[in-house]
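**Q** sequence plus predicted model, see below.
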Amino acid sequence: MANKLLDSQFFKAAAGYAKTVARSCSEKELSPLIFLAGLVLAARLQSDAEGAGQVNRRLSQIEPLLVEQALELPDETIEPTDEKLPLSPILKEAIGASEGDLGSFIDKLIGSLHPLSLSDNHLLELLVPYIPAYLSDSPEQEVNGDIFAAAAFAAFETGVFAHMPGLSAHFSLNQVYLEAMVERVFDGRRPVQGGKADQLKWDQDLSQALKKGKDESERIISALNLGLTTGASIICDQATAYHEAGHAVVSWVLRPEIPVNQILVKREKDYDGVTVYDGDSPHFQRGKRHDYLVSLCISLAGRAAQALKYGLEDIDTGASSDLESATKRAWASIAYYGLDPEFGPIDLSVFKEPSGWLFDEAQKRLQVVMKEAAARSDQILAENWVHVEVIAAELIAKGELNFEEFVARLSTHGLEDMAGVVEATNIPLKREVEFSRSSGSYQTPEGVVRYETGDAIVRDENGDTWPVSRTVFDRLYRPFMGVKFGEDGQYHKVESTVRALQLSETSRVDMKAGRGVLLGEKGDWIVDYGSGDLAIVNVDAFARTYRVI
C-alpha cells in the first residue's frame with residue numbers, strides 16, 4: 001500500500017537536503033538525525049507552509065538534538081541532491097510506523113534520538129516495578145500505553161502516589177476507564193507488590209508521551225492518556241452493546257416474525273454498532289399503521305436502553321441516525337399516508353408551500369406520536385430488561401451475535417430476576433387429557449406449540465386446548481380416581497406455587513427446546529413453572545385458574 005508521506009513534495013525535498021547533509025558529513029546512510037536536519041532545511045527553504053509548520057512546532061525539540069550531536073546545518077545556498085543513499089533501520093521503521101503522517105514521523109525521529117531514561121522522572125521509577133506483571137513471556141515485548149496505564153493504576157491502588165494529591169485525584173476520577181481497560185485487556189490482573197523490571201523496552205508512542213509536559217506529573221498523565229483512551233473505547237463499546245441489545249430485544253418482542261440476523265458492536269467508519277434484520281422478509285415490506293408504529297419503537301429502543309442502563313445524563317449522539325429515520329417515518333405516516341387517525345386522512349404533499357395550519361397540526365401530532373413510541377419502547381425494555389442484560393453481556397464479551405445465538409440467549413431464562421413478579425397458586429380444576437400418539441404442533445391462542453409423542457394434550461371446560469410436555473405434566477398433574485396415570489382421561493393440576501408476571505405491554509416467550517413461541521398481549525400473564533418452563537396465560541384464564549398470593 002502506498003505511503004502518502006513518501007509521495008509528498010515536502011518529504012522528497014527534505015530527503016534531498018538530508019542526502020546533501022550526509023555527504024558533507026561523510027555519512028553512508030540516512031539516519032534519523034540526518035533526516036531531521038533535512039527537515040529543518042526544507043522548512044527554511046521550501047514554500048510548503050504546512051510541512052514547515054509541522055517542523056517549526058518541534059524546533060525546540062529538534063535543535064538541541066542537532067547541537068548535542070555537533071551537527072551544524074549548511075548555509076542557505078545548499079541544494080538538495082538525488083544521490084541514492086540507504087536508509088538506516090530505525091529510519092525505515094519510523095517511516096513505516098508513521099502511517100503517512102508527517103507530524104507522527106517527526107515525533108518518531110525525535111523519540112529514537114532521545115531514549116527514555118528513568119532518571120528523567122522519579123515518579124516513573126515508582127511504578128516501573130509493577131510493569132512485569134502485565135508483560136507476556138516474550139522477551140521482545142515492548143511496554144505500550146495499556147501496560148503502562150495498568151501498572152500505574154496498580155501503583156495508585158497500593159498508595160504509591162498518596163503524596164501526590166493532583167495525580168491521585170486524576171486516577172480516582174478516571175478509575176472507571178482504567179478498571180475497564182484492566183478487566184478487558186489483562187483479565188483484571190492486579191499485582192499488589194512490585195516485581196523486577198530489568199531492561200524494559202518502551203514503544204515509541206509511550207516514549208513520546210513520557211517526554212511531554214513540564215513536570216513529572218504532567219508526563220505521567222500524558223502517558224496514562226494512552227491507556228485511558230483504550231478504557232474509554234471499551235466503555236463506549238459497552239454502551240453500544242446495550243444500545244444494540246435494546247433495538248434487538250424490542251424487535252424480537254414487537255415483530256417476532258422478522259429475524260434479527262446479526263448484532264455487531266464494531267467500530268466502523270459510519271457506525272459503532274449495528275443490528276441487522278432480515279430485509280428480504282415479506283413482513284419487512286408491509287406498510288400498515290401497526291408496522292409504522294412498531295418501527296418507531298424499535299428505532300428509539302437503542303437510545304432508551306442506554307438511558308435505562310446509564311441514566312438520561314449519559315445518553316449521547318450515537319442515536320442521531322435512529323432519531324432521524326424514526327422522525328421521517330412518523331412524519332410520512334402522519335403527513336402523507338393518512339395513517340394517523342387524530343390528524344386524519346390528509347396528504348400534505350399536494351400543497352405547494354410546506355406551511356400553514358395543517359402543517360402545524362401535523363407537527364404537533366408528530367411530537368405526540370414520537371413520545372408515545374418512546375414511552376412504549378421504555379415499557380417493553382423495562383419488562384424485558386433481563387433479556388437486554390443477557391444480550392448486552394454477550395455482545396461485550398464476543399462483539400457479535402448471529403441469529404441462532406441471539407434467539408438461544410433469550411429462551412433459557414425464568415422470571416426470578418424480573419421486576420413486578422408475584423407468586424400465585426393454581427386452583428386444582430378438572431381437565432380432560434389425551435396423550436399424543438405422534439409428534440406434531442398445536443395452534444393455541446398464544447401461538448403454535450410443538451409436541452412430541454407421549455406429551456399431554458390438555459382441554460379445559462371452555463374447549464381451549466394446549467400441549468404440555470410429558471416431563472412437566474408428570475410433575476404438575478395427577479389423575480382422578482379410576483384413571484391410571486398415563487392413560488387418557490380426567491386429571492387435575494397439583495396445587496403448587498408459581499411465579500407470574502402480568503404484562504402491561506406486548507411480550508413474547510420462547511419455549512424451551514424450540515417447542516414454540518408464545519405471544520402475550522397487555523393484561524396477559526407469563527407463568528413460570530420452574531426449571532425454565534414458561535407459558536403465557538390470557539387474563540381471563542388466569543383469573544379462573546390462579547390465585548395471587
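**A** Nice, I can see it. Residues are numbered from 1 along each chain as shown.
**Q** from here on, just use CA atoms for contacts and neighbour counts.
**A** OK.
**Q** may I have the phi/psi pair for the residue lying farthest from the centre of the chain?
**A** Relative to the mean C-alpha coordinate of the chain, counting by Cα atoms, centre = their mean, the farthest residue is residue 482 (60.4 Å). Torsion angles at residue 482 (phi, psi; degrees, to the nearest 10) stand at phi 100, psi -10.
**Q** kindly provide the distance from it to residue 458.
**A** Here the criterion is Cα to Cα, to the nearest Å. By it, residue 482 lies 18 Å from residue 458.
**Q** same check on residue 80?
**A** 94 Å.
**Q** go on, residue 379?
**A** Distance, residue 379 to residue 458, using Cα to Cα: 33 Å.
**Q** and what of residue 244?
**A** Counting by Cα to Cα, the gap from residue 244 to residue 458 is 40 Å.
**Q** which of the two has more neighbours?
**A** residue 244 (27 against 20; other Cα atoms under 10 Å).
**Q** these two touch, right, that one and residue 302?
**A** Yes - under the criterion of Cα atoms under 8 Å, residue 244 makes contact with residue 302 at 5.7 Å.
**Q** who's in contact with the spatially closest residue to residue 359 that is not a sequence neighbour?
**A** Counting by Cα to Cα, 6 or more residues apart in numbering, residue 348 is the residue found nearest to residue 359 once chain neighbours are left out, at 7.5 Å. With contacts defined as Cα atoms under 8 Å, 6 or more residues apart in numbering, residue 348 is in contact with 335, 336, 354, 358, 359.
**Q** what do you get for residue 168?
**A** Shown in contact with residue 168 (Cα under 8 Å, 6+ apart): 156, 161, 162.
**Q** out of the residues you listed, grab the one that's most surrounded.
**A** Top of these by neighbour number is residue 161, holding 20 neighbours under the definition other Cα under 10 Å.
**Q** double-check that it belongs to a strand.
**A** No - following the definition DSSP: H, G, I helix; E, B strand; the rest coil, residue 161 is coil and is not counted among the residues of a strand.
**Q** any idea how far residue 190 is from it?
**A** According to Cα to Cα, residue 161 and residue 190 sit 16 Å apart.
**Q** just the mean pLDDT for stretch 460-472, thanks.
**A** Along stretch 460-472, the predicted local confidence has a mean pLDDT of 88.
**Q** could you tell me the end-to-end distance of it?
**A** Taking Cα to Cα, stretch 460-472 runs 17 Å from one end to the other.
**Q** just the residues contacting it, thanks.
**A** With contacts defined as Cα under 8 Å, 6+ apart, stretch 460-472 is touched by 430-432, 442-444, 449-452, 454-459, 533.
**Q** which parts of it are buried?
**A** Buried positions in stretch 460-472, judged by neighbour count with 16 or more other Cα atoms under 10 Å: 465, 466, 467, 468, 469, 470.
**Q** what residue ranges in the stretch 101-250 of the chain score low on pLDDT?
**A** In the predicted model, the stretch 101-250 of the chain carries pLDDT under 70 at residues 114-121, 137-140, 192-199, 213.
**Q** how does it look with 90?
**A** For the stretch 101-250 of the chain, residues meeting the criterion pLDDT under 90 lie at 101-143, 155, 157-164, 184-220, 222-223, 233, 235-237.
**Q** which stretches in it count as helices?
**A** For the stretch 101-250 of the chain, applying DSSP state H, counting those that start in this stretch gives helices covering 102-113, 122-127, 145-157, 165-173, 175-186, 204-209, 216-254.
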